[in-house]
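Engineer: Pasted the sequence and its predicted model underneath.
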Amino acid sequence: MKPSDPARHGQKTPDIKGIFLTLEGGEGVGKSSLLAALVPRLTQLGVPLCQTQEPGGTPRGQALRALLQASKWPANAEFLLFSADRNLHVTEVVQPTLQAGTWVLCDRFVDSSRVYQGIAGGIERTYLESVSQACTEGLEPDVTLLLDCPVEVSMARIAARRLEGEAWLHYDQAKREFHEKVRAGFLALAAQYPRRIVVLDCTQPVEKLVTQVEHHLKERGWIRG
């Protein structure tokens, strides 16, 4: 089952008025750094914005996030926990916010499950898409910003985080082969859905990435300035 590749370019369904942006990538690619710079820039440009995340974008989702981070789960159990969190998130946060005309900027969405539990974890694609379609009610992002860099760069960043005292999650401790598979999986999705997924070279300074994102959103006619 192949999900849709929406590129609405302003042509939105009557009940969806905001723009849905997602941020994706493997471990250590710098999503947090980009979010920290991108959110104030979009706010400065007058974008009404809700920043959220998966897992843990709702109060009950925070409990699921704690479960997921506490230990390593079998791929299918992990996927179903993510899906439960995602259903709560979409119905309680994402859809109401978009319907109110506010943009949603979400750190991870279904593409992460497609890669981590699907491509890297071995879950069958049709099953994964069927469950995801049900728990999101068919919602897909307008644009997905995919942060990409060589695995040696991301792994060096992961190691540096640990030296700075950050706790390692189980994906951080995965072998290089896993990180290579994740990177290849995200790039394969980008090739499959080029209108939706924008690949950003995250070896660049974060200020340059923000400028590139801003340029892309202007090209789509969603912001001015």
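Structural biologist: Perfect, I can see it now.

Engineer: rest of the way, CA atoms for contacts and neighbours
Structural biologist: Will do.

Engineer: List phi and psi for the residue nearest the centre of the chain.
Structural biologist: Closest residue to the average C-alpha location of the chain: R108 at 2.3 Å, with Cα atoms, centre = their mean. Here is the backbone geometry of R108 (degrees, to the nearest 10): phi 80, psi 140.

Engineer: isn't it right next to L21, touching?
Structural biologist: No - contact between R108 and L21 fails when scored by Cα atoms under 8 Å: they sit 9.7 Å apart.

Engineer: ok so, going back, how close does the residue nearest to the centre of the chain sit to R86?
Structural biologist: To R86, R108 is 10 Å away according to Cα to Cα, to the nearest Å.

Engineer: Overlap of the contact sets of the two?
Structural biologist: E54, P55 (Cα atoms under 8 Å, 6 or more residues apart in numbering).

Engineer: How about residues contacting the helix or strand bottoming out on mean pLDDT in the chain?
Structural biologist: Using mean pLDDT, DSSP states H and E, the weakest-scoring helix or strand in the chain turns out to be helix 151-163, at a mean of 82. Outside helix 151-163, the residues that touch it by Cα under 8 Å, 6+ apart are G26, E27, G28, V29, W168, D172, R176, H179, E180, R183, T203.

Engineer: burial measure for the fourth one, as a count.
Structural biologist: It stands for V29. When counting by other Cα atoms under 10 Å, one arrives at 24 neighbours for V29.

Engineer: Please apply the same query to L21.
Structural biologist: Neighbourhood size, L21 [other Cα under 10 Å]: 20.

Engineer: you'd agree it is in a strand?
Structural biologist: Yes - the assignment for L21 by DSSP: H, G, I helix; E, B strand; the rest coil puts it in a strand.

Engineer: Renumber starting at 18 from here on
Structural biologist: Sounds good: first residue 18 from here, last item L38.

Engineer: separation between it and Q112?
Structural biologist: Distance from L38 to Q112, by Cα to Cα: 13 Å.

Engineer: contacting residues for the nearest residue to G138 once chain neighbours are set aside?
Structural biologist: What sits nearest to G138 in space, not counting adjacent residues and going by Cα to Cα, 6 or more residues apart in numbering, is A92, at 5.6 Å. A92 makes contacts with Q134, G138, G139, I140, as judged by Cα under 8 Å, 6+ apart.

Engineer: Could you say which helix or strand holds G139?
Structural biologist: For G139, there is no helix or strand it lies in under DSSP states H and E.

Engineer: what's the neighbour count on it?
Structural biologist: 13.

Engineer: Distance of the spatially closest residue to it that is not a sequence neighbour relative to R213?
Structural biologist: Distance criterion Cα to Cα, 6+ apart; nearest residue to G139, sequence neighbours excluded, is A92 at 7.5 Å. Remark: distance between A92 and R213 (Cα to Cα) = 26 Å.
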